[in-house]
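Student: Here's a sequence, model it:
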Amino acid sequence: MYRYLPLILLLAIFIIPDLVSAAPGGFVNCEGASCSACDLVDMTNEIIRWLLGIIFLIFAALMTVAGFGLVTSGGNPSALNAAKAKFTNAIIGIIIVFSAWLIVNTVMVELVSDGNTAGNITGWGPWSEIKCQVQTVTVEMGEIPQAAGNPPDPAVVAQCNDDAALMTKYHGSPIGLEAPGLRVMINCYLADPAVSALTDVPQLYTVDREHPRCSLTNGHVACGPCSHSANSNHYGRGSGAGAKAVDFNSKGSEQALYDALRARKAVCGGTLLFETHHTHISL
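Tutor: Down below sits the predicted model:
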């Protein structure tokens, strides 16, 4: 059985990434021009989690081989000692791996903490789970762009009143539209009692409620300010299919809600991003 271990591990290394990539929240969550730096960050997070899974797989395989050797040793001292050595090596290996992880993570947390409390560091920490903050547009301007002291350009006014023209130009989505599967994913998370008890349901945001016409421009500041950055998942990322993300807000602790959502991720899918004041989940 031991001679088949390398083959089993090779199959796992090549097959598991394909399975993960095909599942919701896999390695790649975008296509072509819709990809951004945040998608690269999400992919890095998934790879880190996958590598941790591979480490556990290798550990389990080594323990299985050692156990098989122990059972089949038949009182043979050399076979028995070899099986015990495999047990010892597997346990020492997993301890070394996670000790190194813990040391690096602790050092990184201390380096970025404010010196008063580690409460500002959420999740696993800044090293083991990189976080991407979606920036909110803060440009203050009128609903129709215009030069100071001049009336709005009639051509701009006409364009900003033409929904079809805006969607064609900016690859936007109809106002209020949600992408297929988004509401199913949301309901899946809310079906968990721990999540539903912590979630402020009226504050579940998918589309841009404050600036609904920004869905037509895919978040581009062409006819007024938008609540999210251009090409955000809240605008469909240029797919024309509607909002592909939801912001979960908590009744109390945002960290507690994020932890509950993470525990539910394996069932409901999506890519989670903790943004301190809410948890962002995209398809």
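Student: Tell me the pLDDT of Thr72.
Tutor: pLDDT for Thr72: 80.
Student: ugh, typo on my part, it should be Leu80
Tutor: pLDDT, read off for Leu80, is 82.
Student: wait, what's in contact with it?
Tutor: Shown in contact with Leu80 (CB atoms under 8 Å, 6 or more residues apart in numbering): Leu70, Ser73. Glycine gets a C-beta too; all of them are placed from N, C-alpha and C.
Student: so how far is Ala66 from it?
Tutor: Between Leu80 and Ala66 the distance, using CB to CB, to the nearest Å, works out to 11 Å.
Student: just Phe274 next, same as before
Tutor: The gap separating Phe274 from Ala66 is 39 Å, by CB to CB.
Student: All the strands of the stretch 151-283 of the chain, in order from the start?
Tutor: Taking DSSP state E, counting those that start in this stretch as the criterion, the stretch 151-283 of the chain contains strands spanning 245-248, 271-274, 279-282.
Student: Give the ranges of residues in the stretch 101-250 of the chain that sit below the confidence cut-off.
Tutor: For the stretch 101-250 of the chain, the stretches with pLDDT under 70 are 108-157.
Student: quick one: the helices in it?
Tutor: Along the stretch 101-250 of the chain, the segments classed as helices by DSSP state H, counting those that start in this stretch run 154-160, 163-170, 182-190, 193-198.
Student: For the second one, output the C-alpha coordinates as PDB.
Tutor: Taking only C-alpha atoms (Å, rounded to 0.1, in the frame of the first residue of the first chain), the coordinates of helix 163-170 have been written out as PDB:
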ATOM      1  CA  ASP A 163     -31.300  53.600 -19.900                       C
ATOM      2  CA  ALA A 164     -30.600  51.400 -23.000                       C
ATOM      3  CA  ALA A 165     -27.800  53.700 -24.100                       C
ATOM      4  CA  LEU A 166     -26.100  53.700 -20.700                       C
ATOM      5  CA  MET A 167     -26.300  49.900 -20.400                       C
ATOM      6  CA  THR A 168     -24.900  49.500 -23.900                       C
ATOM      7  CA  LYS A 169     -22.000  52.000 -23.300                       C
ATOM      8  CA  TYR A 170     -21.000  50.800 -19.900                       C
END
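Student: which secondary structure elements does that helix contact?
Tutor: Counting contacts by 3 or more CB pairs under 8 Å, 6 or more residues apart in numbering; DSSP states H and E, helix 163-170 packs against helix 154-160.
Student: Which residue ranges make up each domain of this structure?
Tutor: Residue ranges for each domain of the chain read 2-112, 154-282, as given by automatic domain parsing.
Student: tell me the most buried of the ones you listed?
Tutor: domain 154-282 (a mean of 18; mean count of other CB atoms under 10 Å).
Student: Check what pLDDT Cys35 gets.
Tutor: Here the pLDDT value assigned to Cys35 is 65.
Student: ok, now how distant is Ala165 from Ala241?
Tutor: 19 Å.
Student: And for Met63?
Tutor: Met63 sits at a distance of 46 Å from Ala241 (criterion: CB to CB).
Student: ditto for Ile186
Tutor: In terms of CB to CB, Ile186 sits 16 Å off from Ala241.
Student: same check, this time on His277
Tutor: 27 Å.
Student: ok, and the closest non-adjacent residue to Gly176?
Tutor: Among residues not flanking Gly176 along the chain, Val207 sits closest, at 5.6 Å (CB to CB, 6 or more residues apart in numbering).
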